[in-house]
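In: please find the sequence and the predicted model below.
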Amino acid sequence: MKKKLYFGSNLKMYKNINETITYLKQLQNATLDLNRLEYTIFIIPSFTSLHQASKDINQDLIWLGAQNMCWAEQGQFTGEISPLMLQELGLKIVELGHSERRHVFGEDNQILQKKVTASLEHGFTTLLCVGENEQEKEFDISNEILRIQLKTGLSDIKEEQLPKLWIAYEPVWAIGVNGKPATAEYAQKKHSEIRTVLEEMFGAKGKEIPILYGGSVNLQNAEVLITQPDIDGLFVGRSAWNAEEFNHLIRNAINSYQKSCT
């Protein structure tokens, strides 16, 4: 049985408003023919671009998301973004727990648990990022780290909220300019572990939660990654920041997946 595939990118602190809108329109036009019942395409741009993007882009075609969100609706949280503010824009996704939020800005599992809970309670599709760093990988405690991140971050989720939960596995050592892509075999092992934890927590419903792989995804490895049994989508970095190249990557991955199903 074929599964739905997910393709997205976080633009981080790149692209100004005009560059973002141009990119999104190019990606929207390039992927118009793809059946959105079979494929979800999403982009998570900067906060400053979201207002214009929400007006110019058809979110039935390109889902838009925020890179972070406060757990509180309002209050003395200078520099934070409220879920109510994001709701005003009609956004579909909130990304939480990216490795840069964890390791650069010090967000721990308890903070992320509060954010995940708030995001789901406000109706957003919530993309929780998890992953081990290089030292944890070397100590062979990756699975333990993933279990802690998942069991803490998802501890208060209600069963009816599960259809709006996504997980992104992003090994910290595979992210960024100097990232080293995980092999498809390694990525599949970690996705399988994540799936096991989700089933332990949520039973059969845990099988239905999309798990995306992110970490130096490119044209060379996308095709083999997407055919792994527990990889439901690709959360792409730099290889997605040119619309034409991202469209090419998406189509190659789709073709590879379709061939694997025959």
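Out: In hand now; what should we look at? Residues are numbered from 1 along each chain as shown.
In: for the rest of this, base every contact and every neighbour count on C-alpha atoms.
Out: Fine.
In: give me phi/psi at residue 34?
Out: phi -80, psi 130 (degrees, to the nearest 10).
In: residue 41 versus that one, what's the distance?
Out: Separation of residue 34 from residue 41 (CA to CA, to the nearest Å) stands at 10 Å.
In: those two: which has the busier surroundings?
Out: residue 41 (24 against 14; other CA atoms under 10 Å).
In: name the nearest residue to that one, ignoring sequence neighbours.
Out: Using CA to CA, 6 or more residues apart in numbering and skipping the chain neighbours, the partner closest in space to residue 41 is residue 7 (4.9 Å).
In: all helices for this protein, in order.
Out: Taking DSSP state H, the helices of the chain run over residues 17-30, 47-56, 83-88, 99-103, 109-121, 134-138, 142-153, 184-202, 222-225, 243-260.
In: of all those, which lies closest to residue 163?
Out: Closest approach to residue 163 among the helices of the chain is made by helix 109-121 (10.0 Å; CA to CA).
In: mind putting the helices of the chain in JSON lines, mean pLDDT, distance to residue 62 and mean neighbour count included?
Out: Below are those laid out as JSON lines (pLDDT from 0 to 100; distance: least, CA to CA, whole Å; neighbours: other CA atoms under 10 Å):
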{"stretch": "helix 17-30", "mean pLDDT": "98", "distance to residue 62": "6", "mean neighbour count": "17"}
{"stretch": "helix 47-56", "mean pLDDT": "98", "distance to residue 62": "10", "mean neighbour count": "16"}
{"stretch": "helix 83-88", "mean pLDDT": "98", "distance to residue 62": "16", "mean neighbour count": "16"}
{"stretch": "helix 99-103", "mean pLDDT": "92", "distance to residue 62": "24", "mean neighbour count": "16"}
{"stretch": "helix 109-121", "mean pLDDT": "98", "distance to residue 62": "20", "mean neighbour count": "21"}
{"stretch": "helix 134-138", "mean pLDDT": "95", "distance to residue 62": "33", "mean neighbour count": "14"}
{"stretch": "helix 142-153", "mean pLDDT": "98", "distance to residue 62": "27", "mean neighbour count": "18"}
{"stretch": "helix 184-202", "mean pLDDT": "98", "distance to residue 62": "25", "mean neighbour count": "18"}
{"stretch": "helix 222-225", "mean pLDDT": "98", "distance to residue 62": "20", "mean neighbour count": "22"}
{"stretch": "helix 243-260", "mean pLDDT": "98", "distance to residue 62": "12", "mean neighbour count": "18"}
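In: between those helices, which one is closest to residue 161.
Out: Short answer: helix 109-121, nearest of the helices of the chain by CA to CA, at 6.5 Å.
In: for the residue lying closest to residue 242 once chain neighbours are set aside, what are its contacts?
Out: Counting by CA to CA, 6+ apart, residue 23 is the residue found nearest to residue 242 once chain neighbours are left out, at 7.1 Å. Each residue near residue 23 by CA atoms under 8 Å, 6 or more residues apart in numbering is listed here: 241, 242, 243.
In: same thing with residue 14?
Out: So residue 14 contacts residue 46 (CA under 8 Å, 6+ apart).
In: same question, residue 119
Out: Residue 119 is in contact with 69, 71, 83, 94, 125, 126, counting by CA under 8 Å, 6+ apart.
In: strands - which of those land there?
Out: Here DSSP state E is the test, and the contacts of residue 119 give 94, 125, 126 as lying in strands.
In: which one of these has the most neighbours?
Out: Neighbour max across these (other CA under 10 Å) = residue 126, 26 neighbours.
In: perfect, that will be all.
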